[in-house]
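In: The following comprises the amino acid sequence and a computationally predicted model.
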Amino acid sequence: MAIRDVLVYPDPRLKQISSPVTKFDSALQDFIRDLNDTMLAGPGCVGIAAPQVGHFERIVIVDLTSKPKNPNHGKLVLINPVIVESSGEKIGREGCLSVPDYTGNIVRAKNITLSAYDEEGNPQSYEMKGFEARVAQHEIDHLDGRLFLDRLVCRRSELFPRQNYAE
Ligand code: NI
């Protein structure tokens, strides 16, 4: 078990665009284990992206197993994820391990169809809605060097000091 250091805003590396994974080898499995450990160590974390720990490959984990009221696929490792379809719009509150002091209201697609490879390199496709779709969109943004702060419609009215980490 290895918990990695998380890059925190305004670290410029959070703006870096990550490269696709090309090798599904044991180094990848080791990294995914560390990424997962780092996510689990975070307070109330439901997702994490590789660049948040300074590893610039297109790997994210989405894990809503702690949110059974939201329809979800459980823990998903998404490699080279691509949103192939999206529909609807919904505003919702987001936080981020890399922005520890704030949360923000962000508009996201309500429903998405996502294609990605799993840890073994098998192509997968997922239909997501609601909170799970939101988390996936948030994590995929990290792969393109984007934080939720970059999507705020208005910093003055839609950015909030973080009260606590419980829900
Ligand atoms: Ni984040």
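Out: Done, it's in.
In: Contact partners for the nearest residue to Q137 once chain neighbours are set aside?
Out: Excluding its sequence neighbours, the residue lying closest to Q137 (CB to CB, 6 or more residues apart in numbering) is R108, at 4.9 Å. All C-beta spots, glycine's among them, are computed from the backbone N, C-alpha and C. R108 is in contact with E89, K90, G92, A133, R134, Q137, H138, counting by CB atoms under 8 Å, 6 or more residues apart in numbering.
In: One more pass at 7 Å, please.
Out: K90, G92, A133, R134, Q137 (CB atoms under 7 Å, 6 or more residues apart in numbering).
In: longest strand of the chain?
Out: Criterion DSSP state E: the longest strand present in the chain is strand 75-87.
In: which strands and helices sit next to that strand?
Out: strand 59-63, strand 111-117 (3 or more CB pairs under 7 Å, 6 or more residues apart in numbering; DSSP states H and E).
In: Just the helices from the chain, written as ranges.
Out: Taking DSSP state H as the test, the helices found in the chain are 26-41, 130-143, 155-158.
In: Make a markdown table from those and add distance to D101 to it.
Out: Below are the helices of the chain laid out as a markdown table (distance: least, CB to CB, whole Å):
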| stretch | distance to D101 |
| --- | --- |
| helix 26-41 | 18 |
| helix 130-143 | 17 |
| helix 155-158 | 14 |
